[in-house]
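1. sharing a model that was predicted from the sequence below.
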Amino acid sequence: MLKLVEKVDVQRASQTELRAILQRLSKSSNLQDACDVASEYFRHHDHDLVSVIFCSNDDSVPAIRPFRNLPQSLIELAPKLQEIGGCPPKKEAQRLLQPFDWKHIPRSGHLQFLSQRFLTEVDKLPYAMVLAVPVVIGKGIAVFSVGIHDHNHGPQAREEVIVAVCQIATAMISRFPELANLFESKLLTTVQATVMLFAIQGFSNREISESIGLGEMAVGMILKSAQQKLGAANLAQAVAKALALGEFAHMQIGDHDLI
C-alpha cells in the first residue's frame, strides 16, 4: 500500500509540474523560448528534448526548426537532406503519424547515401531511445523528439513522454496560432494575397504596381484571377472569403514587403 501511495504522489507531482510548465508556455514571447521551457521540463525528468520541427506534408514548404540539441555532424547534414525531402525522422513522422524510435528507423526505407549517414550518426547518440512524437496540425505536423537515457525504461516512461509532448504541443499552438495557419491549404498565391491586401487598404492599381514592381495591367489581372479562384463576384466578396479561409493568416495588413 505504501508503494502504491508513493506512486500516486509521484504522478500528482509530475502533473502539477507539467501544469506549471504549460502556464509558462502560455506566456512565452517566442517559439524558441517555448522550446527552452519544454526542454527544461524533460531535463528535470532525466530526458533530453532533442529536436522540435514543424513541417508540412508538402515537402516544398520549408520546415520550421525552433529547437535542435543534436551533434554538429547531424546539424550539418540537415540542409543537404532538405534537398531530398528531409531527414529520415521527418519522413517517418509524415509516414507513420504515430510515435516511433529514431534508433529503429528501418534503413531499407531510406537508401540515399545522406540518409544512411544520418542514421549512422543517430546510432551514436547517447540514448536508449529517441522517441519522436508527431502531432497533427492542419495539413502539417509538429514532431517533438525526446532522448530517453534509461536503458531499463518501461512502457510507462514512454507513455508519460507522449502525454507531455501532446500537451506541450497543444499549448504552443494555442500560444502561437500562426503555426497552424502555416499548414492550412491556400487557394491564393503569395502574389495574389499580397495584391489583395494592398487593395483592401485602399491602394489603387497604379500604387500597387509601383510598390511591388509589376505593371498596372498585371495588377488588375492578378486581382481578377484571385476573385475567380475564390468564386467571388467582386473584391469585397473575395476579401470576405479569403479572410474566412485564412488566406491572410501568415501576412500582416500594413506590411508592404510581402513577396
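-> It's in. Numbering: from 1, shown residues only.

2. go ahead and confirm residue 215 touches residue 208.
-> No. Residue 215 is beyond contact range of residue 208, at 10.4 Å (criterion: C-beta atoms under 8 Å). (C-beta placed from N, C-alpha, C; glycine too.)

3. who's more crowded, those two?
-> With other C-beta atoms under 10 Å as the criterion, residue 215 and residue 208 differ in neighbour count, and residue 208 comes out ahead with 24 against 11.

4. Three-state assignment for the residue lying closest to that one once chain neighbours are set aside, please.
-> The spatially closest residue to residue 208, leaving aside those adjacent along the chain, is residue 198, at 4.4 Å (C-beta to C-beta, 6 or more residues apart in numbering). When the structure is split into helix, strand and coil by DSSP: H, G, I helix; E, B strand; the rest coil, residue 198 lands in helix.

5. also residue 203?
-> Taken by three-state DSSP, the conformation at residue 203 corresponds to coil.

6. who's in contact with it?
-> Contacts for residue 203 (C-beta atoms under 8 Å, 6 or more residues apart in numbering) come out as residue 211.

7. correct me, but residue 143 touches residue 50?
-> No. Between residue 143 and residue 50 there is no contact under C-beta under 8 Å: 10.3 Å.

8. pLDDT weak spots in the stretch 51-200 of the chain?
-> For the stretch 51-200 of the chain, the stretches flagged by pLDDT under 70 are 60, 181, 184-185.

9. tally of neighbours for the nearest residue to residue 102 once chain neighbours are set aside?
-> Residue nearest to residue 102 in three dimensions, not counting chain neighbours: residue 130, with 3.7 Å by C-beta to C-beta, 6+ apart. The number of residues packed near residue 130 is 22, by other C-beta under 10 Å.

10. likewise for residue 153?
-> Residue 153 is surrounded by 18 other residues when neighbours are defined as other C-beta under 10 Å.

11. now swap in residue 236 and tell me
-> 10.

12. what's residue 132 sitting at in phi/psi?
-> Geometry field for residue 132 lists phi and psi as phi -100, psi 130, criterion degrees, to the nearest 10.

13. residues touching it, list them.
-> With contacts defined as C-beta under 8 Å, 6+ apart, residue 132 is in contact with 89, 92-93, 99-102, 143-145.

14. whichever of those end up buried, select them in ChimeraX.
-> One line in ChimeraX is enough to select the buried members of the contacts of residue 132, burial here meaning 16 or more other C-beta atoms under 10 Å:
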select :89,92,93,99,100,101,102,143,144,145
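
15. among the contacts of residue 132, which ones are in helices?
-> Counting by DSSP state H, the members of the contacts of residue 132 that fall within helices are 89, 92-93.

16. and which of those residues is nearest residue 229?
-> Residue 229 has its nearest neighbour among those in residue 93, at 31.3 Å by C-beta to C-beta.

17. separation between that closest one and residue 122?
-> Distance of residue 93 to residue 122, given as C-beta to C-beta, to the nearest Å: 14 Å.

18. mind listing the helices for the stretch 151-259 of the chain?
-> 155-175, 178-182, 190-200, 205-212, 216-230, 235-244 (DSSP state H, counting those that start in this stretch).

19. can you redo those helices as a markdown table with distance to residue 75?
-> Conversion of the helices of the stretch 151-259 of the chain to a markdown table gives the following (distance: least, C-beta to C-beta, whole Å):
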| stretch | distance to residue 75 |
| --- | --- |
| helix 155-175 | 22 |
| helix 178-182 | 22 |
| helix 190-200 | 29 |
| helix 205-212 | 36 |
| helix 216-230 | 40 |
| helix 235-244 | 38 |
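
20. many thanks, we can stop here.
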